[in-house]
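> no sequence for this one, just the structure:
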């Protein structure tokens, strides 16, 4: 289930995915919700582009460390590549 920022207070959230398109973000939110996974998402800036470099805004997905393995498995089963920063 999507959690508010207070859910992560005092805990170390792990970045698992940066959605660069709204469609991808909404789809991943549905996938996580259907799986009953607790996650957080927030808009933030990232650097992107191959020819035209620039700062863009994406949806950053986070989970708690104890949910990391489950989140990665859910993502892979649904065709998403987990963030490896």
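Received, thanks. Please read these numbers as outputs of a predicted model, since none were measured by experiment.
> tell me the contacts of the closest residue to residue 8 other than its chain neighbours?
Nearest residue to residue 8, sequence neighbours excluded (Cβ to Cβ, 6 or more residues apart in numbering): residue 40, at 5.7 Å. For the C-beta atoms, the positions are set from N, CA and C on the backbone; glycine is no exception. By Cβ atoms under 8 Å, 6 or more residues apart in numbering, the residues touching residue 40 are 2-5, 7-8, 13, 61-63.
> for these, which one is nearest residue 20?
residue 61 (11.9 Å; Cβ to Cβ).
> next, the buried residues of stretch 30-37.
Within stretch 30-37, the residues that count as buried by 16 or more other Cβ atoms under 10 Å are 31-32, 35, 37.
> what's in contact with it?
Counting by Cβ under 8 Å, 6+ apart, 1-2, 39, 61, 63, 67, 70-71, 74-75, 78, 80 sit against stretch 30-37.
> so where do the helices sit in this protein?
Secondary structure of the chain by DSSP state H: the helices cover 22-35, 68-77.
> how about those in a markdown table, adding distance to residue 44 and mean pLDDT?
Formatted as a markdown table, the helices of the chain follow (distance: least, Cβ to Cβ, whole Å; pLDDT from 0 to 100):
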| stretch | distance to residue 44 | mean pLDDT |
| --- | --- | --- |
| helix 22-35 | 12 | 97 |
| helix 68-77 | 18 | 97 |
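> and residue 57, which of those is closest to it?
Distance to residue 57, taken as Cβ to Cβ, is lowest for helix 22-35 among those, at 10.2 Å.
> before we move on, back to that, using TSV, lay out the buried residues of stretch 30-37 together with distance to residue 45.
Listed next are these as TSV, based on distance: Cβ to Cβ, whole Å:
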residue	distance to residue 45
31	24
32	23
35	28
37	25
